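Engineer: no sequence for this one, just the structure:
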């Protein structure tokens, strides 16, 4: 294969310009590794006149991305427009229908339409590469699809959102509260002006949705994911967690229980400080895969940003240049199963509970009675008294292994006690498995 | 492709029996992922009658491994005999010459004959897979060859020998000395009866040799590697390192300097305790790749043992079943370069030095003068006095960034001082880059 692979790039934001830059900077090396040249034929973005710090004059500029999908002089379309639906979705479909392979960083589109797109990729014998959509520069998708292909995977855990990990890390380091650190993260460019997708856990959910499909050979099923963000974590939670020997991380989690039921969720979790994944700080991401033969495999690296994401996009392009065409989610789309989902109430774990209570006699006795009545046994308890009697104080406890249904019932009953205030209690799982 | 892939396994030790077991246990899943069945046609080992805990009656037993290389009913030979030369080498060559792909866990053979074997694989258009030869269950080779294929790699660091990592971890935890922990490791089966290959750094050197070839596109060049084992690390070094904020790990290191010169070495290093790689303990392995676009990518997992190594062997077999045929070291063998090697004296780093000296006035002044005369500046110094005057005490120091040639000259001059005893001083590099 000595003819160049001809690509078109749709979307020239941070990642798109990164791909253009990478293909130029490492041109020789990529040619040697791919066995042929990779040439950009056409590019497309909303604003032709924006200064992207790159000379784009050599490439054919196209205003409508759809035009890329049908051109004869393009082998691969690189979709970096983003968004779960149009115009990215139509571009992806039309390109594949026209026999072109597709490379994308679009986790939302794949989380919502992955099953249909995988079917289409198989039908047209094209590759749909999405390494860049999960954990940026970490080759997590290739590790699961290829490196661990001999294994029955039991679980996958990920720190998949750099914004959340940065915020939680800074809260721990500074003792400041969520709102202040979020503002600072926005000023530094580590958080979007509208941070809802990140801090609310949606971005992590898109990513764990795809990892779950890969690990368990199931249709991506975004709607089945239970999602909790980090907005309710306060400085005291971080501090109490430290006192108990834990760190709080927002995890995407997908596990299969002994009966084959799948649980996919996003939630802030307490992780033992001595575990390697607890040391993954700042904007770094991590993916931990537990499998029957390889055991525990932990991958860490830069999960976002121009250069790491471009690295993943171009790795997929190089695969296509080499003639590699693998099923999207590791198995032929027709073999993907629909998962049977575990009931959230049936998840057994240890739990961290924090309530705000009036500092008066009998409150702890009332709380303890509720826990006892639901078969929840307390492992550790911290109550900090204020100077003035009757003020509001936090009560924090960790439990022994319990059923979530029981914990949830306790939390509701405790929140209804007259001495307990301040809205919802904070209930976090302690993740011993990572 | 619906015909089964027919494999032969040569060597039925720990890894070989693991491969047989894995192919049976995950048969359905492997068929789905590979798109076809993988069938064992023939097996071969020295002793047919040894109880391996497996029923091998279904497979054709062959006494001479060479016979596997020429049979028409075998597509892939899995070489698990081990050893850098015969019979593994002849089997590998003959199999490839007969158009069969080869999967191996044999790091020694590839470190010594990798360039010639890669050329042969290209010539006969077969795959030579060796994922299992480095870091067991961690898909490090695929990560470099495939996941990071768009990147110019700057360095690769690895904790690549579980025996050494276990010994150093236990020395730290227990405070016991090398010899005692080695004995314990042998009793637990974590160290061989003859542990020279492991503790002397040879095994790590084989592995870093292959990683260097992959990362830098060079011929594997085992003879250019400078190798230091862990035999000279004593309990005091571990303790002093902790006092300075470091942990000692045996690292395989391959770096390219700004002038393109390669340095490949194996040596115990001091690593800042806060770095994630410092937390990789016991028999776990780690591979840290630093590249221009992806940044720092750290992979950790089980580096040896039956199941993790079998996982890597079978991942390569699945690749072959899928029709993937990639160049052995990531680029066509004819494009592999011969590295220009950096002079060891020119490596700049911070250093840790330990001497045993007579506890009498003037010794530190003499040592300090030698360091000053060689432009080496001291960052930290610990001298512990014993009760009795004139006894032997350790003097330990860390330096600012210095040239190794200067450090080496200092060590020689200091060792020659009348007050300094106990043979060679201990000189370790402090690795700030991991």
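Structural biologist: Cool, the structure landed. For clarity, every value in this text was computed on a predicted model and none was experimentally measured.
Engineer: How about residue A:79: what's its closest non-neighbour residue?
Structural biologist: residue A:104 (4.2 Å; Cβ to Cβ, 6 or more residues apart in numbering or on different chains). No exception for glycine: its C-beta is placed from N, CA and C like everyone else's.
Engineer: Next, count neighbours for that neighbour.
Structural biologist: By the measure other Cβ atoms under 10 Å in any protein chain shown, the count of residues near residue A:104 is 27.
Engineer: From chain B, how far off is it?
Structural biologist: Using Cβ to the nearest Cβ, to the nearest Å, one obtains 16 Å as the distance from residue A:104 to chain B.
Engineer: And residue A:40, by the same measure?
Structural biologist: 14 Å.
Engineer: wait, doesn't that residue sit right on residue A:10?
Structural biologist: No. At 11.6 Å, residue A:40 and residue A:10 do not qualify as touching, with contact defined as Cβ atoms under 8 Å.
Engineer: Neighbour count: those two, which is higher?
Structural biologist: residue A:10 (27 against 20).
Engineer: what's the burial count for the spatially closest residue to residue A:275 that is not a sequence neighbour?
Structural biologist: Leaving aside its sequence neighbours, residue A:275 sits nearest to residue A:434 (Cβ to Cβ, 6+ apart; 5.7 Å). The local packing of residue A:434 (other Cβ under 10 Å) involves 22 other residues.
Engineer: Just read off the phi/psi values of the residue nearest to residue A:79.
Structural biologist: phi -140, psi 160 (degrees, to the nearest 10).
Engineer: so who does it touch?
Structural biologist: With contacts taken as Cβ atoms under 8 Å, 6 or more residues apart in numbering or on different chains, residue A:104 has the following neighbours: A:78, A:79, A:80, A:88, A:92, A:110, A:128, A:129, A:130, A:132, A:133.
Engineer: what does the stretch 251-400 of chain A put close to chain B?
Structural biologist: A:274, A:276, A:279-280, A:291-302, A:307-308, A:310-312, A:314-315, A:317-319, A:322, A:324, A:326-327, A:330-332, A:335 (Cβ under 8 Å from any Cβ of the partner chain).
Engineer: For those, which PyMOL command selects only the ones that are buried?
Structural biologist: When burial is assessed using 16 or more other Cβ atoms under 10 Å in any protein chain shown, the buried subset of those is captured in PyMOL by this command:
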select buried, chain A and resi 276+279+280+291+292+293+294+295+296+297+298+299+300+301+302+307+308+310+311+312+314+315+317+318+319+322+324+326+327+330+331+332
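Engineer: For the residue nearest to residue A:4 when sequence neighbours are not counted, which residues are in contact?
Structural biologist: Leaving aside its sequence neighbours, residue A:4 sits nearest to residue A:37 (Cβ to Cβ, 6+ apart; 3.9 Å). The contact partners of residue A:37, taken as Cβ under 8 Å, 6+ apart, are A:4, A:5, A:27, A:31.
Engineer: tell me which residues in whichever strand or helix holds residue A:207 are buried?
Structural biologist: Using DSSP states H and E, residue A:207 sits within helix A:202-216. Across helix A:202-216, burial judged by 16+ other Cβ under 10 Å covers A:202-216.
Engineer: again, but for stretch A:352-366
Structural biologist: Neighbour count says stretch A:352-366 has A:352, A:353, A:354, A:355, A:356, A:357, A:359, A:363 buried, by 16+ other Cβ under 10 Å.
Engineer: Please list all residues in contact with the first one.
Structural biologist: The one in question is residue A:352. Residue A:352 neighbours (Cβ under 8 Å, 6+ apart): A:237, A:240-241, A:244, A:246, A:270, A:396-399, A:426-430.
Engineer: Just list whatever residues bridge to it.
Structural biologist: residue A:398, residue A:428 (DSSP bridges).
Engineer: Please report the distance of it from chain B.
Structural biologist: 23 Å.
Engineer: Over to the third one?
Structural biologist: Distance, residue A:354 to chain B, by Cβ to the nearest Cβ: 28 Å.
Engineer: Let's verify that residue: helix, strand, or coil?
Structural biologist: strand (DSSP: H, G, I helix; E, B strand; the rest coil).
Engineer: Count the neighbours of the closest residue to it other than its chain neighbours for me.
Structural biologist: Leaving out its chain neighbours, the residue that sits closest to residue A:354 by Cβ to Cβ, 6+ apart is residue A:426, at 4.2 Å. Residues lying near residue A:426 (other Cβ under 10 Å) number 21.
Engineer: Thank you, goodbye.
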